[in-house]
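Q: Provided below are the primary sequence and the corresponding predicted coordinates.
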Amino acid sequence: MSKVLIVIIVIIVGVAIFMVAKQFQGVKFENLGSLFKVNYSVPSGLSGQKSNVTYSTGGSAPVQVATKPAPTPPAGFTASELSPYYGEVKIGNVSAASSWNGIAQFSLNTAYSGLSTPVDVTGWRLTYNKGQVVIPTAASDYSPTGFEYPGDIALGSGNVLNVYSSASPVGQNFRMNACIGYLNNTYSFTPALPQNCAPVYDRSEIVTYSGSCQSYILSLWGCSVPSANQINNFSGEPACQSILNTRFNYASCYNRNRFQSGFFSNEWRVWLGSPINVDPSHDRLLLLDRNGLLVDQYVY
């Protein structure tokens, strides 16, 4: 390469360096981010939603976090009167006291809310035209002793709370479980508890019993309890009598299944022991959180 060509290249490089240096003269390092600003628009599919755009170090692509659109208040309410749980918990299955049992009821459910964390509804109020009721406490795990200390009712996604005007025969409200139906054999619940109890024995345990004993045990469906007379029919089979005496009850079912998956139900039940005077024809029910803010409205 000739000396002339080398000199020309050196001059060109020098001029380029001088021009770049002049362009950055007076620019502070904390302002350099403006040179790499990224213009970003909200995708059309998120129109009407709030969005936050953040940038990671190194000038990487923005990350958009979309939030739910603000709810529209029902007639007669303003946005400031809506609870943070508005639309998350719904009122349903409202019925006035009937002539045949005198029991009124309503339910709260989270079946369609997609809650990420449970909502504590104890202390919330359900108001109607002639009065109101306050959601009380309940036992989340009703033990066979019956002395479970009640706590706040926390409804998770897909849960339902059924509230009745009748009184609890055990003096407790509770979350339902896979053995709770056995209590029907000792107490009179209105309405009755479900009769779909978990197994209290394995088939392998009874295969050596007489055919008549096995047939009888297999005939005990749901949450049935054998009577004393039925047990006495197998007086010549101590093993058969033993399983009939000890297994078919709430305590045995609870202790056997308490730690099995699906033991606890999505349903809670509350018995107020006081009237729910909703109008049998038409009424307006408002569900209010502890701060008196509207969670849901039900009109019929």
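A: Yep, that arrived.
Q: show me the contacts for the residue nearest to residue 138 when sequence neighbours are not counted.
A: Excluding the flanking residues, the one nearest residue 138 by CB to CB, 6 or more residues apart in numbering is residue 173, at 3.6 Å. Every residue, glycine included, has its C-beta placed from N, CA and C. Shown in contact with residue 173 (CB atoms under 8 Å, 6 or more residues apart in numbering): 136, 137, 138, 139, 150, 153, 268, 269, 270, 271.
Q: contacting residues around the second one?
A: Same thing as residue 137. Going by CB under 8 Å, 6+ apart, residue 137 touches 122, 150, 151, 152, 153, 173.
Q: Of those residues, keep whichever come out buried.
A: The neighbour-count criterion (16 or more other CB atoms under 10 Å) marks 122, 150, 153, 173 among the contacts of residue 137 as buried.
Q: Now do the contacts for the first one.
A: Meaning residue 122. Residue 122 neighbours (CB under 8 Å, 6+ apart): 135, 136, 137, 138, 152, 153.
Q: Skipping its backbone neighbours, what lies nearest the fifth one in space?
A: Looking back up the chat, that one is residue 152. Excluding the flanking residues, the one nearest residue 152 by CB to CB, 6+ apart is residue 122, at 4.0 Å.
Q: before we move on, back to that, per-residue confidence at the residue nearest to residue 138, what does it come out as?
A: Looking at residue 173, its pLDDT stands at 97.
Q: circling back to that earlier point, can you tell me which of the buried ones among the contacts of residue 137 lies nearest to residue 98?
A: Set against residue 98, the nearest of the buried ones among the contacts of residue 137 by CB to CB is residue 173 (21.8 Å).
Q: I'd like the contacts of residue 173 as CSV, with secondary structure appended.
A: Below are those laid out as CSV (DSSP: H, G, I helix; E, B strand; the rest coil):
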residue, secondary structure
136, coil
137, coil
138, strand
139, strand
150, coil
153, coil
268, strand
269, strand
270, strand
271, strand
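Q: Tell me the most packed of these, by neighbour count.
A: In terms of neighbours by other CB atoms under 10 Å, the contacts of residue 173 top out with residue 153 at 26 neighbours.
Q: pLDDT weak spots in the stretch 51-200 of the chain?
A: Scanning the stretch 51-200 of the chain for pLDDT under 70 picks out 51-68, 111, 113.
Q: Would you state the strands of it in chain order?
A: Per DSSP state E, counting those that start in this stretch, the stretch 51-200 of the chain carries strands over the ranges 51-54, 63-66, 90-95, 105-109, 119-120, 125-128, 131-134, 154-155, 160-164, 174-177.
Q: of these, which approaches residue 277 most closely?
A: Distance to residue 277, taken as CB to CB, is lowest for strand 131-134 among the strands of the stretch 51-200 of the chain, at 5.4 Å.
Q: Can you point out the buried residues in that closest one?
A: Of all the residues in strand 131-134, those buried under the rule 16+ other CB under 10 Å are residue 133.
Q: Show me what it is packed up against.
A: strand 125-128 (3 or more CB pairs under 8 Å, 6 or more residues apart in numbering; DSSP states H and E).
Q: The strand it packs on packs against which elements?
A: By 3+ CB pairs under 8 Å, 6+ apart, strand 125-128 packs against strand 131-134, strand 284-288.
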